[in-house]
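>>> just the structure for this:
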Amino acid sequence: MRRRDFTTLLGSIGLLFIAPGFLSVARSQGAIDRLSLPASIDFNGESYRLSWSARPTPDYYKQEYLPPGQTNERFQRMVLIEAIVRGRGVNDAVTAQIDKLNKRKATDPTVNFGVLKNPKTEEAILDFILSARDPKGEEIVEWSAYRYAPLKGKGGASGVLLFGISHRAYGNETGSFLRALKSARSADINALAAQPLPAVRPME
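Numbers count the residues shown, from 1 in each chain. Model (predicted):
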């Protein structure tokens with residue numbers, strides 16, 4: 001799949017989704033595979049290893065992957081895979097997350113997003129940027145792109161698979177990060193659109 005298969009659904013209006021772990025404290029749960037996936041995921045020529053996972057609800061699974069040497073508390077690049085196995089479709093998930101991030105705009109002027117949709121596959125790609133300050137006052141800027149695909153869930157129920165990428169910069173690096181993003185954004189979205197989606201099998 002290539003980006004040209006996606007058509008613009010919404011313009012740069014708001015934002016999408018508060019990225020997993022954004023300004024969170026250290027993870028209390030470990031790196032347990034809950035989706036029957038390999039310990040390592042390849043994306044755009046780089047290998048990412050499972051670093052954290054959780055099951056917030058019986059029907060919702062989250063896993064995060066990082067390059068060697070990076071941590072969930074302070075990373076530069078991340079791959080994330082999530083699965084909702086019941087009660088949500090792609091449009092439901094996108095709409096709910098747009099609502100959350102539109103509320104964030106009141107306190108984060110950096111918030112902005114774009115949405116692409118592939119009518120053939122019913123998939124959507126949302127890319128967004130947001131910022132915050134950590135407890136010590138250091139600025140963090142994060143750009144992410146999430147690809148949503150329909151997922152056949154429990155008993156044939158409607159579900160959603162998310163394959164996402166996140167890039168971060170901290171402190172004095174945020175200016176150069178934003179300048180480089182202007183050219184890097186398109187290439188990363190193209191790579192995300194072409195990425196083979198994993199075959200997830202959520203564990204009970």
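>>> wait, Tyr170 sits on Glu138?
Yes. Counting by Cβ atoms under 8 Å, Glu138 is a contact partner of Tyr170 at 5.9 Å. For glycine as for every other residue, the C-beta is placed from the backbone atoms N, C-alpha and C.
>>> neighbour count: the two, which is higher?
Using other Cβ atoms under 10 Å, the more surrounded residue of Tyr170 and Glu138 is Tyr170, with 16 against 12.
>>> just list whatever residues bridge to that one.
According to DSSP bridges, the residues that bridge with Tyr170 are Ile140.
>>> would you point out which residue is most central in this structure?
For the chain, Gly164 is the residue whose C-alpha lies nearest the centre (Cα atoms, centre = their mean; 3.4 Å).
>>> wasn't that residue part of a strand?
Yes. Assessed by DSSP: H, G, I helix; E, B strand; the rest coil, Gly164 belongs to a strand.
>>> beta partners for it?
With DSSP bridges as the rule, Gly164 is bridged to Leu80, Tyr146.
>>> ok, now which ones touch it?
Counting by Cβ atoms under 8 Å, 6 or more residues apart in numbering, Gly164 makes contact with Val79, Leu80, Ile81, Glu82, Ser144, Ala145, Tyr146, Arg147, Leu192.
>>> ok, now Tyr65?
By Cβ under 8 Å, 6+ apart, Tyr65 lies in contact with Ser40, Ile41, Tyr48, Arg49, Leu50, Ser51, Met78, Val79, Leu80, Ile81.
>>> and which of those is nearest to Pro196?
Ile41 (10.5 Å; Cβ to Cβ).
>>> let me know the helix or strand that the closest one is in.
strand 40-43 (DSSP states H and E).
>>> give the rounded mean pLDDT of that strand.
In this model, strand 40-43 has a mean pLDDT of 97.
>>> got the contact list for the next helix-or-strand element following that strand?
For strand 40-43, the following helix or strand on the C-terminal side (DSSP H and E) is strand 46-57. With contact meaning Cβ under 8 Å, 6+ apart, strand 46-57 is reached by 21, 27, 29-35, 37, 39-42, 61-68, 71-72, 77-79.
>>> if any of these are buried, put those into a PyMOL selection.
Selecting only the buried entries of the contacts of strand 46-57 in PyMOL, with 16 or more other Cβ atoms under 10 Å as the criterion:
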select buried, resi 21+27+31+34+35+37+41+61+62+63+64+65+66+67+72+77+78+79
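>>> isn't Ala149 up against Gly89?
No. Here Ala149 does not reach Gly89: they are 10.6 Å apart, not a contact under Cβ under 8 Å.
>>> where do the contact lists of these two overlap?
Residues touching both Ala149 and Gly89 by Cβ under 8 Å, 6+ apart: Val160.
>>> CA-only coordinates of stretch 130-150 in CSV, if you can.
Taking C-alpha atoms only, stretch 130-150 is exported to CSV below (Å, rounded to 0.1, in the frame of the first residue of the first chain):
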residue,chain,number,x,y,z
LEU,A,130,1.8,18.1,20.2
SER,A,131,4.0,19.5,22.9
ALA,A,132,4.3,19.7,26.7
ARG,A,133,6.8,20.3,29.5
ASP,A,134,8.0,17.7,31.9
PRO,A,135,8.0,18.2,35.7
LYS,A,136,11.4,19.9,35.4
GLY,A,137,10.1,22.4,32.8
GLU,A,138,11.9,20.9,29.8
GLU,A,139,10.0,21.2,26.6
ILE,A,140,9.0,18.0,24.7
VAL,A,141,7.7,17.9,21.1
GLU,A,142,6.3,14.8,19.7
TRP,A,143,5.2,14.0,16.1
SER,A,144,3.3,10.7,15.5
ALA,A,145,1.5,9.0,12.7
TYR,A,146,-1.1,6.2,13.4
ARG,A,147,-2.5,3.8,10.8
TYR,A,148,-5.8,2.3,11.7
ALA,A,149,-7.2,-0.8,10.0
PRO,A,150,-10.3,-2.9,10.5
